[in-house]
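A.B. asks: Have a look at this fold, sequence not included:
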Ligand SMILES: CC(C)(COP(=O)(O)OP(=O)(O)OC[C@H]1O[C@@H](n2cnc3c(N)ncnc32)[C@H](O[C@H]2O[C@H](COP(=O)(O)OP(=O)(O)OP(=O)(O)O)[C@@H](O)[C@H]2O)[C@@H]1O)[C@@H](O)C(=O)NCCC(=O)NCCS
Ligand SMILES: Nc1ncnc2[nH]cnc12
């Protein structure tokens, strides 16, 4: 009985950190093209309250992902993927119910389902005062199991998509990601998962770890996370950008962010530049939602690694 209580307590604790990561991402300001405390970015159907309601609705399902992982363990990635996908369908429904049908976190839910199922399966604990729950090797072990689960899901979804298209007489209803997969071979969030979220492992986490020295200074986390977002946007093949602005929009978006990252501007100039870029992406209706999701994931790993506390990200 005690072990069940421990599992439930751990599941709820880790789910709270994941939910807090979604909130910290939504509240980070200014984010170009995205919903934050200042603007709704390139979105007319959602605002910060929509994201808060979405995160709150996903919280209990996040705990279910961890508990499912704890029950199954890491030995059968396909069974674990199947278990979290079944929960994920309910989580997606809970999100849409909380947002009146607006897609706030569909991609984030997919990503956190795989990651939370994995941390449950690997027995990752909650960080305690000054004690991290995960080190760099542990983070890579999580991403390796996520990659095995994601590869199976990608293969399944690509095969199912082609079967759907072949079986359909005429037009078939496709999501933005499915349309880009067929038209351009872009694998979107499914491809990121199948590769073990390379931008997280190779760019985002190394950068956050390099900034750990003054992480608790007031306002530090906000600036560090804004710079991290720029690094992500410079690299990510974000299907949101493409489905809204076409492939050329992704090329110019990544070029802008790469140049901004390389200039290593002052904090004040970073804020001014991102606020101005937000106005530009609003004008062109471009929203890098995929990068926003990966930032949420990076915040979650940073909490587990003790790089941030919940106070640090309560800006
Ligand atoms: C696996 C699914 C979740 C995939 O669903 P779908 O076929 O829709 O997949 P995609 O369109 O390819 O991407 C879904 C979202 O993933 C985010 N994303 C995009 N590119 C990347 C990337 N390279 N890396 C990581 N993540 C990426 C992005 O999500 C965020 O943006 C959305 C909000 O932006 P918005 O522009 O408003 O999006 P739309 O409403 O679609 O556009 P408009 O109409 O407004 O213009 C929001 O989702 C953010 O999270 C992509 O949108 C699904 O098939 C699935 O399996 N569902 C079952 C349930 C489940 O998840 N199971 C648990 C795990 S198995
Ligand atoms: N803050 C945000 N704004 C718009 N789309 C998002 N997808 C994930 N986070 C987002």
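C.D. replies: All right, it came through fine. Just so it is clear, the structure is predicted and the values come from calculations on it, not from any experiment. Ligands and ions are numbered 1, 2, ... in the order given.
A.B. asks: Show me which residues of the stretch 201-315 of the chain sit near ligand 2.
C.D. replies: 287, 289, 292-293 (Cβ under 6 Å from any ligand atom). Every residue, glycine included, has its C-beta placed from N, CA and C.
A.B. asks: at 8 Å what do you get?
C.D. replies: Neighbours of ligand 2 within the stretch 201-315 of the chain, by Cβ under 8 Å from any ligand atom: 240, 287-290, 292-293, 296.
A.B. asks: before we move on, what about the stretch 51-200 of the chain?
C.D. replies: Counting by Cβ under 8 Å from any ligand atom, the stretch 51-200 of the chain sits next to ligand 2 at 51, 104-105, 107-108.
A.B. asks: Residue 41 belongs to a helix?
C.D. replies: No: in this structure, residue 41 is coil, not part of a helix, as judged by DSSP: H, G, I helix; E, B strand; the rest coil.
A.B. asks: what number of residues lie near it?
C.D. replies: Burial of residue 41 is recorded as 24 neighbouring residues (other Cβ atoms under 10 Å).
A.B. asks: pLDDT score for it?
C.D. replies: Residue 41 carries a pLDDT value of 98.
A.B. asks: Out of the residues of the stretch 201-315 of the chain next to ligand 2, list just those in helices.
C.D. replies: 240, 289-290, 292-293, 296 (DSSP state H).
A.B. asks: Could you identify which of these has the most neighbours?
C.D. replies: residue 292 (28 neighbours).
A.B. asks: need the contact list for that one.
C.D. replies: Contacts for residue 292 (Cβ atoms under 8 Å, 6 or more residues apart in numbering) come out as 25, 31, 34, 108, 229.
A.B. asks: What are the buried residues along whichever strand or helix holds residue 208?
C.D. replies: Using DSSP states H and E, residue 208 maps to helix 205-210. For helix 205-210, burial by neighbour count (16 or more other Cβ atoms under 10 Å) applies to 205, 207-208.
A.B. asks: which residue packs closest to residue 16, ignoring adjacent ones?
C.D. replies: residue 59 (7.0 Å; Cβ to Cβ, 6 or more residues apart in numbering).
A.B. asks: quick one: secondary structure of that neighbour?
C.D. replies: Under three-state DSSP, residue 59 comes out as helix.
A.B. asks: what about it, distance to ligand 1?
C.D. replies: In this view, residue 59 and ligand 1 are 15 Å apart by Cβ to the nearest ligand atom, to the nearest Å.
A.B. asks: what's the pLDDT at that residue?
C.D. replies: Residue 59 is given a pLDDT of 98.
A.B. asks: before we move on, back to that, let's have the residues of the stretch 51-200 of the chain next to ligand 2 in a markdown table, adding neighbour count.
C.D. replies: A markdown table is the format used below for these (neighbours: other Cβ atoms under 10 Å):
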| residue | neighbour count |
| --- | --- |
| 51 | 24 |
| 104 | 26 |
| 105 | 29 |
| 107 | 23 |
| 108 | 27 |
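A.B. asks: Which ones among the residues you listed map onto helices?
C.D. replies: Filtering these for helices - DSSP H - leaves 51, 107-108.
A.B. asks: what element comes up after the helix or strand hosting residue 183 heading to the C-terminus?
C.D. replies: Using DSSP H and E, residue 183 falls within helix 176-184. Using DSSP H and E, the helix or strand that follows helix 176-184 towards the C-terminus is helix 188-194.
A.B. asks: Same list, the contacts of residue 292, but as TSV with distance to ligand 1 please.
C.D. replies: Converted to TSV, the contacts of residue 292 look like this (distance: Cβ to the nearest ligand atom, whole Å):
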residue	distance to ligand 1
25	10
31	12
34	8
108	4
229	13
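A.B. asks: Give me the below-cutoff pLDDT ranges for the protein.
C.D. replies: 1-3, 214-215 (pLDDT under 70).
A.B. asks: now do 90
C.D. replies: For the chain, the stretches flagged by pLDDT under 90 are 1-7, 127-133, 169-171, 212-219, 315.
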